[in-house]
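*Asks:* quick one, what's the 3D model for this:
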Amino acid sequence: NGLGIAVQAYSKRAIPMLRWLRKLALSHGKRIPLRLVKGAYWDSEIKWAQELGLADYAVLTRKLHTDVSYLACMRFLFSDVSAFYPQIATHNAHSVAAAMTAAGNTDFEYQRLHGMGEALFEDVLGADGLGRPCRIYAPVGEHDVLLSYLVRRLLENGANTSFVNRLSDLDSPISHIVMDPVERLEKERHEQTPVKSLVRPRDVFWPDRKNSKGLSFATARTRTHVVSEMEAAIDSEFEVGPIVAGEAHTGGNAATWMLCPHNRGQRLGSTRSATPDDVEMALATATAAAWDWDRRGGTERGKILQLAADIFERDHTQLMAVLVRESGKTIASALAEVRQTVDSLRYYAAEARQVFVDPQTLRSTTGEVNTTRLRGRGVFACISPWSSPLAGFTSQVAAALAAGNSVIAKPAPQTPLAAYLAIKILHEAGVPSEVLHVLTGGSVVGAALTKDPRIAGVAFTGSTANAWDIQKTLADRRGAIQPFIAATGGINAMISDSSALAEHLVRDVVQSAFQNAGQNCASARVLFLQDDTADRVIEMLVGAVNELTIGDPMAFTTDIGPVIDGDAQDRLDAHKLNMKHQGRELVDLALPAGLRFGSYVAPSIYEVQTMEALTQEVFGPVLHIVRFERGYLDRVVGQINQCGFGLTLSVHSRISAVGEYVEDQARVGNLYLNRQQISAVPGVQPFGGMGLSGSGPQAGGPNYLLRFAQEQTRTDNITATGGNIRLLAHDLSDPD
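*Replies:* Numbers count the residues shown, from 1 in each chain. Next comes the predicted model:
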């Protein structure tokens, strides 16, 4: 159509891409129309690289470097006119002149956006001008589709570094506006001008800690390599059981098979539940070791946790493979969970080094010195869920260890292998074997731990019903009153008003509701849509869900893997059947043939009248849509508050007052504005709920470790040893 291929000059791969395209053109004997653009709007790519934890950015991060790259790409295009028909898209006078100079007698065209650069190109068109054609292009489509594109272009050209914006500034010298970027860069180098460069993706949290290492699955080579390493990491069966005082206990209870949820005919190995003797030995050993571990101090404990994070990164392939085969996570979700585990360890390591250090001096009086310090509580029981078998498990354990406690961890019976490997890594990093133990098994093991008075605190993540049972058990004990840190479920909602960008909303809904087969505690369960735009959003959302691929989670093409087991499958299928009668089915994908041996539940969406249709959390790939009328946002927030749960809530609106109102009124632990709601980075987005969704404090936040500790204050009468402290005069006059 004459528009050809567009190459963004801000990409670091721009020149290699042009080389590949030239080779392609010459091999086919065809000249490629190639549109060269600067692509100055690269914030999204920078954000993605930071979120993915990549080694570096795929784009140039300075406008000056982008300008130089543009000129280099331009010269490359003009160097071989048999391969390319150059199309120079620009609104910059220097770029116009540079193209004219570089082209010589080569035929090419300029391009500009309709409504922009008109004055600049007056001298380009026509016989009296430069004698070069200029193609004027414009986006085509409906107003609501085009608006976001036009706003983006307005932001680009309104930026402080934009030629269009600088040209309108009468105080800016023309010589500076049209200065050659190559000359400017050489001047910086010659004068050794200090330049504030953007930190690399893995240094965004520095100096507190490193960002966890991620992978880009954009290339087939990376995908093939990762899958082959993952398959090799689990080519033999595992034997899993309790680890008490550093020894794996394989006797006692009979072994049961660990079966893969994607195919119940495939097994990972076998597991044994802890016996009463295992529980007693773990309690006795952990109790004896607790105070020695606390006396090591936060600095040493932090070093051990830091080393553990590095080992988790070293073993990321095996851990990813176990997560995929044991819990049915997709490869991308498995990598995200390993990274969250690493981030948690590094965050709590930094907190241990900063908070659990020397005693803090308090207000002193004449003849006395007062100090306070944080101490571990003793033995913590950490009970974790199958929905987050590595990150959720390790985060609780790491927090308890960082605060100076010994730990007895009990993973979910559906996912003992990930926890078993995590304990092995923590021991390898230097956590003493007598300090950290793991007891595999079900509710019997958990009950034996929580009712024992030697347990000084419980950290629990799981269902609200199980949290109530633990709470009652702790209340019935006759002994010290100990903390119960509970993170429970939620009927998580998303709210979208008519100002939300539909494409952005649909993308975030699909991720929030269906990623990991909807088995994240933060997954969206209810979507509130304003009536004005509901029909269009539903149409797009149904279309997006119909494109999802259900299958083996070890395949990169798979979007939706299995649910955890047959019991979960039965509960979800029963709920879907009920929704067909209570609401209106919008979509329920058909399961592909060949998945009958796995516990698969197809993603589905139902429209219901109110949120009251959900009486409890639906833990799977099922989304419920509720419409609301304009002006009734208060009723929507009221429904959310009335359900009693308060974990996550996402609001999509381009009206800032809407987000502020919901933040003020909604009783939820985590509020997300114009983004998906299932990812939380420790130290950046603390995570935890209110009401039926948890007791707090939020995991990965500045107050979390404090709940695992107790305070000890020392008052020293130094006059008894001949010393004295006198208050300064300004201290006496200042009550603060």
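*Asks:* low pLDDT regions in this protein?
*Replies:* Applying pLDDT under 70 to the chain picks out residues 1-3, 39-42, 123-130, 144-145, 148-149, 151-178, 364-366, 722-736.
*Asks:* which helix runs longest in it?
*Replies:* The longest helix of the chain (DSSP state H) is helix 331-355.
*Asks:* so which elements touch it?
*Replies:* The contact analysis (3 or more CB pairs under 8 Å, 6 or more residues apart in numbering; DSSP states H and E) places helix 331-355 against helix 220-233, helix 297-314, helix 316-327, helix 391-402, helix 704-707. (C-beta placed from N, C-alpha, C; glycine too.)
*Asks:* out of these, which is the most enclosed?
*Replies:* With neighbours defined as mean count of other CB atoms under 10 Å, the helices and strands packed on helix 331-355 peak in mean count at helix 391-402, which reaches a mean of 29.
*Asks:* what's downstream of it, the next helix or strand?
*Replies:* Note on helix 391-402: by DSSP states H and E, the next helix or strand toward the C-terminus is strand 406-410.
*Asks:* partner strands of that following strand, with direction?
*Replies:* strand 379-383 (parallel), strand 436-438 (parallel) (DSSP bridges).
*Asks:* nearest to residue 489, of the ones you listed?
*Replies:* Smallest distance to residue 489 across the strands paired with strand 406-410 (CB to CB): 14.5 Å, for strand 379-383.
*Asks:* near residue 381, how many other residues are there?
*Replies:* 30 (other CB atoms under 10 Å).
*Asks:* before we move on, back to that, nearest to residue 383, of the helices and strands packed on helix 331-355?
*Replies:* Evaluated over those, closeness to residue 383 peaks at helix 391-402, with 8.0 Å, by CB to CB.
*Asks:* angle of the closest one against strand 406-410?
*Replies:* For helix 391-402 against strand 406-410, the angle by axes from the mean of the first three to the mean of the last three CA atoms, to 10 degrees is 160 degrees.
*Asks:* CA atoms only for helix 391-402, dumped as CSV, please.
*Replies:* The C-alpha trace of helix 391-402 is given here as CSV (Å, rounded to 0.1, in the frame of the first residue of the first chain):
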residue,chain,number,x,y,z
ALA,A,391,6.8,-17.3,46.9
GLY,A,392,4.1,-17.5,49.6
PHE,A,393,5.9,-20.3,51.4
THR,A,394,9.3,-18.7,51.3
SER,A,395,8.1,-15.2,52.1
GLN,A,396,6.6,-16.2,55.4
VAL,A,397,9.6,-18.3,56.4
ALA,A,398,12.1,-15.5,55.4
ALA,A,399,10.2,-12.9,57.4
ALA,A,400,10.2,-15.0,60.5
LEU,A,401,13.9,-15.9,60.2
ALA,A,402,14.8,-12.3,59.5
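*Asks:* off-centre distance for that helix?
*Replies:* 18 Å (CA atoms, centre = their mean, to the nearest Å).
*Asks:* tilt between it and helix 297-314?
*Replies:* 150 degrees.
*Asks:* grab the nearest non-local neighbour of residue 611.
*Replies:* Residue nearest to residue 611 in three dimensions, not counting chain neighbours: residue 639, with 4.5 Å by CB to CB, 6 or more residues apart in numbering.
*Asks:* tell me what the host helix or strand of the one you found is packed against?
*Replies:* Assigned by DSSP H and E, residue 639 falls within helix 633-642. Applying 3+ CB pairs under 8 Å, 6+ apart, one finds that helix 633-642 contacts strand 493-496, strand 622-628, helix 656-665.
*Asks:* can you name the element that comes right after the longest one?
*Replies:* Read it as helix 656-665. Counting by DSSP H and E, the next helix or strand C-terminal to helix 656-665 is strand 670-673.
*Asks:* neighbours of residue 362, how many?
*Replies:* By the criterion of other CB under 10 Å, residue 362 has 12 neighbours.
*Asks:* that's a helix at residue 75, yeah?
*Replies:* Yes. Judged by DSSP: H, G, I helix; E, B strand; the rest coil, residue 75 forms part of a helix.
*Asks:* so who does it touch?
*Replies:* Residue 75 makes contact with residue 102, according to CB atoms under 8 Å, 6 or more residues apart in numbering.
*Asks:* contacts only, for residue 601.
*Replies:* The contact partners of residue 601, by CB under 8 Å, 6+ apart, come to 517, 562-563, 568-569, 572-573, 576, 620-622.
*Asks:* turn the residues you listed into a markdown table, columns for secondary structure, distance to residue 309 and neighbour count.
*Replies:* Shown next, in a markdown table, are these (DSSP: H, G, I helix; E, B strand; the rest coil; distance: CB to CB, whole Å; neighbours: other CB atoms under 10 Å):
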| residue | secondary structure | distance to residue 309 | neighbour count |
| --- | --- | --- | --- |
| 517 | helix | 28 | 31 |
| 562 | coil | 30 | 27 |
| 563 | coil | 30 | 27 |
| 568 | helix | 31 | 20 |
| 569 | helix | 35 | 18 |
| 572 | helix | 35 | 22 |
| 573 | helix | 40 | 14 |
| 576 | helix | 40 | 19 |
| 620 | coil | 32 | 25 |
| 621 | coil | 32 | 29 |
| 622 | strand | 35 | 23 |
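*Asks:* out of those, who's nearest residue 610?
*Replies:* Set against residue 610, the nearest of the contacts of residue 601 by CB to CB is residue 622 (16.5 Å).
*Asks:* not counting its neighbours along the chain, what's nearest that closest one?
*Replies:* Spatial nearest neighbour of residue 622, excluding adjacent residues (CB to CB, 6+ apart): residue 604 at 5.4 Å.
*Asks:* run through the bridge partners of that neighbour.
*Replies:* Note on residue 604: beta-bridge partners by DSSP bridges are residue 588, residue 622.
*Asks:* you'd agree it is up against residue 624?
*Replies:* No. Between residue 604 and residue 624 there is no contact under CB atoms under 8 Å: 9.7 Å.
*Asks:* anything in contact with each of the two?
*Replies:* Contact criterion CB under 8 Å, 6+ apart; residues shared by residue 604 and residue 624: residue 579.
*Asks:* compare those two and say which is more crowded by neighbours.
*Replies:* Set residue 604 next to residue 624 and count neighbours by other CB under 10 Å: residue 624 wins out with 26 against 23.
*Asks:* how near is the more buried one to residue 526?
*Replies:* From residue 624 over to residue 526 the distance is 5 Å, taken as CB to CB, to the nearest Å.
*Asks:* overlap in contacts of the two?
*Replies:* By CB under 8 Å, 6+ apart, the residues touching both residue 624 and residue 526 are 611, 614.
*Asks:* can you give me the angle the helix or strand hosting residue 581 makes with strand 622-628?
*Replies:* Secondary structure assignment for residue 581, by DSSP H and E: helix 566-582. Per the same axes, to 10 degrees, the angle that helix 566-582 makes with strand 622-628 is 30 degrees.
*Asks:* which secondary structure elements does helix 566-582 contact?
*Replies:* If contacts are counted by 3+ CB pairs under 8 Å, 6+ apart, helix 566-582 sits against strand 604-607, strand 622-628.
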